[in-house]
Structure formats: structure tokens, C-alpha cells
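Student: Sequence and predicted structure, then a few things I'm wondering about:
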Amino acid sequence: MNRTELARIAHAMVAKGRGILAADESTGTIKKRFDKIKVESTEETRRAYREMLFAAPGAAEYISGVIMYDETLRQSTKGGERFADLLGRLGVVPGIKVDAGTKSMPNFPGEVITEGLDGLAGRLAEYHKLGARFAKWRAVIDIGAGIPTRTCIETNAELLARYAALCQEAEIVPIVEPEVLMDGSHTLERCEEVTNAVLAEVFQRLDAHRVYLEGIVLKPNMVIAGQKCAERAGPAQVAEATVRCLKRHVPSAVAGIAFLSGGQSEPEATLHLDLMNRIGSLPWALSFSYGRALQSTALSSWSGVAAQVAGAQREFIKRARLNGLAAQGKYDPALEKQAA
Ligand code: 13P
């Protein structure tokens, strides 16, 4: 394992004022997103959409890395440049989602476990050859009546740790993503309780598997009430609870933390990140690895129309810029009103 190289890449992924674009929607998920804008999901429309994002002029100022899906890592721009080469040329680290999605967990109704360890070492070696320098694995923890169970938390944490160890062996930085979902009607306090339990277990398993913490990026959920919860917590409460939870469980050796957006609106995800960074005195960089909260407006502006590419790119760059500011505690919600 080349620790120096792993730490260098991990730090580049959370460099000051920059964050990660999660564009690794599986073929099934991107179809759902395209259905909403009435665009047929084909290999070519998916390629054109990703090119719109990756080639957005100036986006690299705020985007440090891009998570791709297997198909995307093998695709190229219309002009024939491989996406991984385009990103590398722009100073953006190419990444790859390597989990194979979630499956119901036998004997544990309502809980899921992430698949994809079988043959992973071989796939990582190929992905490295194709240009990927970091990877992502997402574990999913749902909150509901009687769940999550200890077994679900322990099993998912063990899988994340084994994935992370395999990545580092292949000189690929693992994004370790334990996502406590914000679906459901639970309170912020319940989310904090579960996130505490999940992070404690994840770092215990990472330690047991001798994962090099300076060479990982943690991708957690924020501590937030479920979307169906009647008690809305204010943004300051979300920021405080999230930082409190992270400080308790994330060793300062970890290269950085890049949040998922998880269903928050674009401005909400940006404001929460900004408020956390304003708390200050944090041992790690707090940045973003957003999917929906970077793409939603850009996706609908694009709507599959070539003539709308430039406008959609401006929307994407606006979100990337505002999140880049939030990653430094320099965002102002009044900026939302400015034209893209
Ligand atoms: P969201 O920001 O849309 O939650 O997506 C991030 C991601 O990569 C989830 O795995």
C-alpha cells in the first residue's frame, strides 16, 4: 500500500473550497431522474448528460472529484476524449462507485445490506487502469419501528471496512459512506442516536481491518429529522448536532469528510454545510459529495435539449460555487437570488 499517495489523493478530494460531484447514479436511478424530465434513458443520453456536467467551463475550481458509474468511466466526450482523461486534465480526481447496490437482509424485515465484495479486488485493479483513483461504497441504514438492529449496523460496518481495505491495497482511496436515511418520521434526536451508533461501529471495524485513516474520505449523512417528521429542526440545530456527532466518532487522522445530500433541497444542503464550517475549530475539512443537491436544477434546465447545455452548465456551476463557499463557511443565502 502506498500510504503517501493515498493521503495525497484523499486530501486533494477535500481541498479548500472544493468538493465532490456524485454522478454515479446506477442505470436504474438515472432512468428515474430522466423520467421526471421526460428524457429517454439511453447510453447516449446518459453520456451527453454526464459530458454536460464534467465539461462545464470553470467547474473544476469548485469540484475536486467526480464519482462515476461503471458505464460512465468507460465513456468519452463527443470529441472522443475519455471522461477520466478529461477530468484528470482539468485537475479533477476520477472516482468510481464499486458497490452493487442494496438487497433485503434475510431475517431482518425492512433492513438492507450492500453487495459487491465478490471479485472486488479484480475490479479495483481494472478501475485503477481505467484512471479511477478513488471509489465509493454506500451502506444504507433506515430508521423505523424497531430498526436499525445491531446486526444490520454491524454487518454493514464490517462490509464497509473490508471494502476500504481492498481499495487501499489497490491504491484507490475509499469513500466510506454509511448513510442513515432521512426518509421516515423520526426526530433529529433519533437520527443523532442512530448516526452515533453507526459511526462508532464503522470506525471500530475500520480500525480492526487496519484501514489507513489518512487515506479515506468519510461520506456521512447530516443529523437531521426525517422528511415526514412534524417537528422541523432549524438549520443551526442540524449543524450543531452533526458536528457534535462527528467530533465524538471521527478520528482527526481522517483526511476529510464530504457529506451526502440525501434528499435535502439544494439551498438547504448548502446552508447546513456552511453553518457547520462556521462553527470552526474542526480537525478535518468538511465538504460536500452531493448528487441531487448539485444536479437537480441543472438536470431540469438541460432536459435533454442540446441548445440548453450552456444554461444547464451555468446552473451546475452556480451550485458548485455556492457549495465551495459553504465548505469554507463563506456562503450567504442571498447569493441564491443571483442569476446563474
Ligand atoms: P445525494 O447527495 O443525492 O444523496 O447523493 C450522494 C450519493 O452519492 C449517495 O450515495
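Tutor: Thanks, I have the structure now.

Student: Look at Ala56 and tell me its secondary structure.
Tutor: In three-state terms, and counting by DSSP: H, G, I helix; E, B strand; the rest coil, Ala56 is coil.

Student: how many neighbours does the closest residue to the ligand within the chain have?
Tutor: Going by C-beta to the nearest ligand atom, the ligand is nearest to Gly291 of the chain, at 2.8 Å. Using the backbone N, CA and C atoms, a C-beta is placed for each residue, glycine as well. Residues within reach of Gly291, counting by other C-beta atoms under 10 Å, total 19.

Student: which residues touch the residue nearest the centre of the chain?
Tutor: For the chain, the residue nearest the mean C-alpha position is Ser289 (3.7 Å; C-alpha atoms, centre = their mean). Applying C-beta atoms under 8 Å, 6 or more residues apart in numbering, we find Ser289 in contact with 19-22, 67, 175, 217, 219, 258-260.

Student: Mind listing the strands the helix or strand harbouring it pairs with, and their directions?
Tutor: Per DSSP states H and E: Ser289 is located in strand 285-290. Under the criterion DSSP bridges, strand 285-290 sits next to strand 19-22 (parallel), strand 256-259 (parallel) in its sheet.

Student: which of the residues in the helix or strand harbouring Phe316 are buried?
Tutor: Assigned by DSSP H and E, Phe316 belongs to helix 309-326. Using 16 or more other C-beta atoms under 10 Å as the burial criterion, the residues of helix 309-326 that qualify are 309, 312-326.

Student: and among the strands paired with strand 285-290, the most buried is which?
Tutor: Greatest average neighbour count among these goes to strand 19-22 (a mean of 29), per mean count of other C-beta atoms under 10 Å.

Student: how about the helices in the stretch 151-300 of the chain?
Tutor: Remark: helices assigned in the stretch 151-300 of the chain by DSSP state H, counting those that start in this stretch are 188-208, 235-249, 266-279, 292-302.

Student: Turn the strands paired with strand 285-290 into CSV, columns for mean pLDDT.
Tutor: Converted to CSV, the strands paired with strand 285-290 look like this (pLDDT from 0 to 100):
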stretch, mean pLDDT
strand 19-22, 99
strand 256-259, 99
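
Student: quick one: which of those strands is nearest Leu73?
Tutor: Between Leu73 and these, the tightest spacing by C-beta to C-beta is seen for strand 19-22, at 13.9 Å.

Student: and the helix or strand following the closest one, what other elements does it pack with?
Tutor: Next helix or strand after strand 19-22 toward the C-terminus (DSSP H and E): helix 27-36. Applying 3 or more C-beta pairs under 8 Å, 6 or more residues apart in numbering; DSSP states H and E, we find helix 27-36 packed against helix 43-54.

Student: What pairs with the helix or strand that comes right after the helix it packs on, parallel or antiparallel?
Tutor: Note on helix 43-54: by DSSP H and E, the next helix or strand toward the C-terminus is strand 63-68. Sheet neighbours of strand 63-68, with direction, are listed as strand 19-22 (parallel), strand 93-97 (parallel) (DSSP bridges).

Student: quick one: Glu154 from Ala161, how far?
Tutor: Taking C-beta to C-beta, to the nearest Å as the measure, Glu154 falls 11 Å from Ala161.

Student: More neighbours: the two, which one.
Tutor: It is Ala161, of Glu154 and Ala161, that has more neighbours when counted by other C-beta under 10 Å, with 23 against 15.

Student: Check what contacts stretch 324-331 and list those residues.
Tutor: With C-beta under 8 Å, 6+ apart, stretch 324-331 has contacts from 16-19, 61-62, 270-271, 273-274, 277-278, 280, 285-288, 322-323, 332, 335.

Student: on that earlier part again, tabulate the strands paired with strand 63-68 in JSON lines, adding columns for distance to the ligand.
Tutor: Formatted as JSON lines, the strands paired with strand 63-68 follow (distance: least, C-beta to the nearest ligand atom, whole Å):
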{"stretch": "strand 19-22", "distance to the ligand": "3"}
{"stretch": "strand 93-97", "distance to the ligand": "8"}
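
Student: Present these as JSON lines; the columns should include distance to Leu199.
Tutor: What follows is those, written out as JSON lines (distance: least, C-beta to C-beta, whole Å):
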{"stretch": "strand 19-22", "distance to Leu199": "19"}
{"stretch": "strand 93-97", "distance to Leu199": "21"}
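
Student: just to revisit the earlier point, ok, now which ones touch the residue nearest to the residue of the chain closest to the ligand when sequence neighbours are not counted?
Tutor: Distances taken as C-beta to C-beta, 6 or more residues apart in numbering put Ala22 closest to Gly291, at 3.8 Å, once the chain neighbours are dropped. Going by C-beta under 8 Å, 6+ apart, Ala22 touches 67, 136, 260, 289-291, 294.

Student: Same check on Val217?
Tutor: Taking C-beta under 8 Å, 6+ apart as the test, what Val217 contacts is 10, 13-14, 20, 134, 173-176, 254-258, 289.

Student: and of the strands paired with strand 63-68, who's closest to Phe203?
Tutor: Smallest distance to Phe203 across the strands paired with strand 63-68 (C-beta to C-beta): 20.8 Å, for strand 19-22.
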